[in-house]
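Trainee: Got a predicted model here, sequence first, then my questions.
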Amino acid sequence: MPRPSRESYGDQKPPYSYISLTAMAIWSSPERMLPLSEIYRFIMDRFPYYRRNTQRWQNSLRHNLSFNDCFVKVPRRPDRPGKGAYWTLHPQAFDMFENGSLLRRRKRFKLQKGEKDNLNAELAALASFNRAFLARQAGAPPPPPTASLYSPPMCTQLSPEPAELPEVTSVTMLPRERPRRAFTIEALLEPEPPRMSPSPPNSMLTMQAVQAMPRIEFTMPSPYVLAAQRYQAELLQAAAHALRPCYLPPPLLPVA
DNA sequence: CTGTGTTTAACTAACT
DNA sequence: AGTTAGTTAAACACAG
């Protein structure tokens, strides 16, 4: 007998922890990351139980996001302004629910100090990149309102001092295959979530351009890092395009 | 000001 | 029964 395509549990509390609910929401999104408000929305859409007492459970959920290392806060990309960051799952946390229970994991997912420091360094580098990009854009004339997000802004004469792109404090790239098994909470993720497309949505990227771009490198390829790398490539490409021949960003050199 | 994020603390409940 | 994961409350800081 086919199970219902959409679980709701009516007014009953669904048999999932906040951690699993949040993981489902994140996992159901195309980019495998969501802002807080959309995590709320995912949960409320699917589970009527959570349409009440929102203050209570949303506070709990935020607590979980901050408290648990399995959730990673990714800074917003500069072309998607808004409040709050994006949240994603730590790549090593995919098998948190291996024991099959969505209520209680066998073991809490905790990063070791070093791992946490590395991750924080990467995310700080990302945030720093974003700030620099925004600063640089602020110094340039605003793009025409109809322009596409990444269409290069106009190239004026050198702006007073082009915002320096940040030094990046990272790190070695250890290519690693994606998690062996997708996160399977088959119970909830009804329509097979679209796979992350390997190619950027913006087709103006050329392979050579991307390859020539300085990149922040990350220790751990994961959905958010891939997305970050992709958008960095786009932004850098747009920046380089806009500024040529006036200014090309200095390379982002990994620190030895 | 409101939503977001962090932290501490007390509690309940599941697991060993 | 002890341990630990998860929930709830609450105080507070910060940012848009």
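Mentor: Great, that's in hand.
Trainee: Helix, strand, or coil at whichever residue of chain A sits closest to DNA strand B?
Mentor: The nearest approach of chain A to DNA strand B comes at A:G84, 2.7 Å away (C-beta to the nearest atom of the strand). (Each C-beta comes from the backbone N, C-alpha and C, glycine too.) Here A:G84 is coil, with the state taken from DSSP: H, G, I helix; E, B strand; the rest coil.
Trainee: Pull the contacting residues for it.
Mentor: A:P35, A:L36, A:S37, A:R76 (C-beta atoms under 8 Å, 6 or more residues apart in numbering).
Trainee: how about the helices in the stretch 51-200 of chain A?
Mentor: Applying DSSP state H, counting those that start in this stretch to the stretch 51-200 of chain A gives helices spanning A:54-67, A:113-138.
Trainee: For the last one, name the packing helices and strands.
Mentor: Just to be clear, that refers to helix A:113-138. Packing partners of helix A:113-138 (3 or more C-beta pairs under 8 Å, 6 or more residues apart in numbering; DSSP states H and E): strand A:71-74, helix A:223-243.
Trainee: which intervals of the stretch 51-200 of chain A have sub-threshold pLDDT?
Mentor: A:136-200 (pLDDT under 70).
Trainee: That one against DNA strand C: which residues are in contact?
Mentor: A:56-57, A:59-60, A:62-64, A:67-68, A:81-83, A:103-108 (C-beta under 7 Å from any atom of the strand).
Trainee: re the thing from before, the helices and strands packed on helix A:113-138: lowest mean pLDDT?
Mentor: Mean pLDDT is lowest for helix A:223-243 among these, at a mean of 56.
Trainee: picking that back up, filter the residues of the stretch 51-200 of chain A next to DNA strand C down to the buried ones, ChimeraX style.
Mentor: Selection of the buried residues among these in ChimeraX, burial being defined by 16 or more other C-beta atoms under 10 Å:
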select /A:57,64,68,105
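Trainee: Quick check: closest non-adjacent residue to A:R105.
Mentor: The shortest distance from A:R105 to any residue other than its chain neighbours is 5.3 Å, reached at A:M96 (C-beta to C-beta, 6 or more residues apart in numbering).
Trainee: count of neighbours near that neighbour?
Mentor: Number of residues near A:M96 (other C-beta atoms under 10 Å) recorded here: 21.
Trainee: how far away is it from A:P81?
Mentor: 32 Å (C-beta to C-beta, to the nearest Å).
Trainee: Next: A:P14.
Mentor: For A:P14, the distance to A:P81 - C-beta to C-beta - is 33 Å.
Trainee: of all the residues in chain A, which ones are close to DNA strand B?
Mentor: A:35-37, A:40, A:59, A:62-63, A:65-67, A:73, A:83-85, A:87, A:101, A:103-104, A:106.
Trainee: Quick check, A:L61 in contact with A:Y40.
Mentor: Yes. With contacts counted by C-beta atoms under 8 Å, A:L61 reaches A:Y40, the gap being 7.5 Å.
Trainee: name the element A:K13 belongs to?
Mentor: Taking DSSP states H and E as the definition, A:K13 sits outside all helices and strands.
Trainee: show me the residues around it that make contact.
Mentor: A:Y49.
Trainee: Look up how far A:R105 lies from it.
Mentor: For A:K13, the distance to A:R105 - C-beta to C-beta - is 18 Å.
Trainee: Surely A:S17 and A:L103 touch.
Mentor: Yes. Contact criterion C-beta under 8 Å: A:S17 and A:L103 qualify, at 5.4 Å.
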